[in-house]
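Asks: next one to model:
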Amino acid sequence: MGKERKYARIEGPLPGPKTAELLRRREAAVAGGVGNNFPLFVESASGALLTDVDGNVFLDFAGAIGTMNAGHCPPAVVQAVQRQAERFLHTCFHVGMYEPYIELAEKLAALAPGSFAKKAVLLNSGAEAVENAVKIARKYTGKPGIVSFTRGFHGRTLLGMSLTSKVRPYKFQMGPFAPATYKAPYPYPYYRPETMSEEQYARFCLDQFADFLLTEAAPEELAAVIMEPVQGEGGFIVPPKLFVHGVFELCKQHGILFIADEIQTGFGRTGVMFASTHFGIEPDLITVSKSLAAGLPISAVVGRADIMDAPNPGEIGGTYGGSPLGCVAALAVIDQMERENLCERAGQIGLRIREHFDNLQKQYPILGDVRGLGAMCAVEFTDPSSGKPAAAFAAKLVRACYDRGVILLTAGIHGNVIRFLTPLVITDEQLEEGLDIISESLADMYA
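Replies: Residues are numbered from 1 along each chain as shown. As a prediction, the model looks like this:
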């Protein structure tokens, strides 16, 4: 099982006996369409560590798919939730309002990029935030069309699937999909033609988008463009700044709203509170959810006040939207992020991860690309002889790391990208131990 570790600790064969029994019960009771990355049942979690029901301890480099920027069970968040639970659990904001909803809306409006007046609506999940952002955009503009991008991911609801680019596992045999949705090309700098400079490639991609508005979707019929500033499920693809800024300017030119899907990029993951800041844009609407409340289900759409006010009372919202527990958790998370400078910490984590894999890339040519923005980092595996995506290799590496006590996730339309979503509270020692385990696993696989 490798050398003795301070944090990751595997007590015996995986899965352990308690996990095996729970897997049997899961098979009998849980719908088969619910996927699991690992045979892992968590008993407790703290910071960047997960302990399973058999006593095994894992370093969490997945962060509940980017939900745990503030870490597992931050004490201040737990205390805030406990205090709120003692007062009341739920009243439905539409029936009995409460101050934490107002305070969180104020905070989000203050934090989101944009020099204009902003408002927010609080919801339950990322997909619900996307759905409502589209409803708001259509109501404000009076136009139906929505443009998303190839390899983009926007959720698993009907509209979310319609905007999402990957067919399997998200869309296969789930149609028909929502009308008036279009897919525009999105840059993939790793595959930039060698004959093009970075600037030439960015301009080429921007020209493709301009052509798209002539060949696929008329600007006069488009309510909004929705873009992940860094694509998440698509493979942690960082687009050229010139491209993002150019699309934003074309939207303004044609009266198309720009929706930034910051569900995975938001709340410090890229080294700033919202990734849109890196690209010098002020989106009309922003969707947020992951890492907003340290794992409690809550999401939001925040944007220009005049746009947010377009729907009439009752046209947006929901019974559980902006639950009191989620609101107080989110407020505690924001306070923690500011108090502990977690945005700055994200930059340090990302720098170390990229440095580590830049060095490994010299030893292992299958490491095709190392990329990222802040702590939103990824490694893409490519067969050096054929140039094809090495998805099987990436999957085996993830499993080998799990066997040693590190939780990783793949991404990308081919599944050949390993993404890093460590909690931003991870210590330097924990980060180094996890990187060492990945290196050991990689070396064993090459051997």
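
Asks: show me where the stretch 251-400 of the chain has its helices.
Replies: 305-308, 324-339, 342-363, 391-404 (DSSP state H, counting those that start in this stretch).

Asks: need the winner for burial among those.
Replies: Highest mean neighbour count among those (mean count of other Cβ atoms under 10 Å): helix 324-339, with a mean of 22. For the C-beta atoms, the positions are set from N, CA and C on the backbone; glycine is no exception.

Asks: quick one: list the elements packing against that one.
Replies: Under the contact criterion of 3 or more Cβ pairs under 8 Å, 6 or more residues apart in numbering; DSSP states H and E, helix 324-339 touches helix 75-87, helix 99-111.

Asks: and the helices in the stretch 101-250 of the chain?
Replies: Going by DSSP H, counting those that start in this stretch, the stretch 101-250 of the chain shows helices at 126-141, 158-163, 198-215, 241-254.

Asks: closest to R371 out of these?
Replies: helix 198-215 (13.0 Å; Cβ to Cβ).

Asks: quick check: buried residues in the closest one?
Replies: With burial defined by 16 or more other Cβ atoms under 10 Å, the residues of helix 198-215 counted as buried are 201-203, 205-206, 209, 212-213.

Asks: any chance of these in CSV, plus pLDDT and distance to L159?
Replies: Shown next, in CSV, are those (pLDDT from 0 to 100; distance: Cβ to Cβ, whole Å):
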residue, pLDDT, distance to L159
Y201, 97, 31
A202, 97, 30
R203, 97, 32
C205, 97, 26
L206, 97, 27
F209, 97, 22
F212, 97, 20
L213, 96, 21
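
Asks: quick check, nearest of these to T157?
Replies: Nearest to T157 among the buried residues of helix 198-215: F212, at 24.7 Å, using Cβ to Cβ.

Asks: in contact with that closest one, which residues?
Replies: Residues near F212 by Cβ atoms under 8 Å, 6 or more residues apart in numbering: 147, 182, 184-185.

Asks: same thing but at 6 Å, please
Replies: A184 (Cβ atoms under 6 Å, 6 or more residues apart in numbering).

Asks: what about it, distance to T150?
Replies: According to Cβ to Cβ, to the nearest Å, F212 and T150 sit 11 Å apart.

Asks: indicate which one of the helices of the stretch 251-400 of the chain is closest to V379.
Replies: helix 342-363 (5.2 Å).

Asks: which ones are touching the residue nearest to R9 when sequence neighbours are not counted?
Replies: If the residues on either side of it in the chain are set aside, R9 comes closest to V57, at 4.3 Å by Cβ to Cβ, 6 or more residues apart in numbering. The contact partners of V57, taken as Cβ under 6 Å, 6+ apart, are 9, 49, 51.

Asks: just the buried subset of the residues you listed, please.
Replies: For these, buried by 16+ other Cβ under 10 Å: 9, 49.

Asks: with pLDDT added, can I get the contacts of V57 in CSV?
Replies: Shown next, in CSV, are the contacts of V57 (pLDDT from 0 to 100):
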residue, pLDDT
R9, 96
L49, 98
T51, 98
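
Asks: could I get the contacts of V57 as TSV with distance to V81 and secondary structure?
Replies: Below are the contacts of V57 laid out as TSV (distance: Cβ to Cβ, whole Å; DSSP: H, G, I helix; E, B strand; the rest coil):
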residue	distance to V81	secondary structure
R9	29	strand
L49	20	strand
T51	21	strand
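
Asks: closest to L159 out of the contacts of V57?
Replies: Of all the contacts of V57, L159 sits closest to L49, with 36.8 Å by Cβ to Cβ.

Asks: what's the spacing between that closest one and T427?
Replies: Look at L49 and T427: by Cβ to Cβ, they are 10 Å apart.

Asks: which of the helices of the stretch 251-400 of the chain sits closest to G96?
Replies: helix 324-339 (9.9 Å).

Asks: and the closest one, C-alpha only, in PDB?
Replies: Taking C-alpha atoms only, helix 324-339 is exported to PDB below (Å, rounded to 0.1, in the frame of the first residue of the first chain):
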ATOM      1  CA  PRO A 324     -32.700  29.400   6.300                       C
ATOM      2  CA  LEU A 325     -30.100  26.700   7.000                       C
ATOM      3  CA  GLY A 326     -28.500  27.300   3.600                       C
ATOM      4  CA  CYS A 327     -28.500  31.100   4.100                       C
ATOM      5  CA  VAL A 328     -26.700  31.100   7.400                       C
ATOM      6  CA  ALA A 329     -24.200  28.500   6.200                       C
ATOM      7  CA  ALA A 330     -23.500  30.700   3.100                       C
ATOM      8  CA  LEU A 331     -23.000  33.800   5.200                       C
ATOM      9  CA  ALA A 332     -20.600  31.900   7.500                       C
ATOM     10  CA  VAL A 333     -18.700  30.600   4.400                       C
ATOM     11  CA  ILE A 334     -18.300  34.100   3.000                       C
ATOM     12  CA  ASP A 335     -17.000  35.300   6.300                       C
ATOM     13  CA  GLN A 336     -14.500  32.400   6.500                       C
ATOM     14  CA  MET A 337     -13.300  33.000   3.000                       C
ATOM     15  CA  GLU A 338     -12.600  36.600   3.700                       C
ATOM     16  CA  ARG A 339     -11.100  36.000   7.200                       C
END
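
Asks: now do that helix against helix 99-111, angle only.
Replies: 40 degrees (axes from the mean of the first three to the mean of the last three Cα atoms, to 10 degrees).

Asks: and helix 324-339 with helix 75-87, angle?
Replies: Using the same axes, to 10 degrees, helix 324-339 lies at 160 degrees relative to helix 75-87.

Asks: any idea of the mean pLDDT for helix 324-339?
Replies: Computed over helix 324-339, the mean pLDDT rounds to 98.
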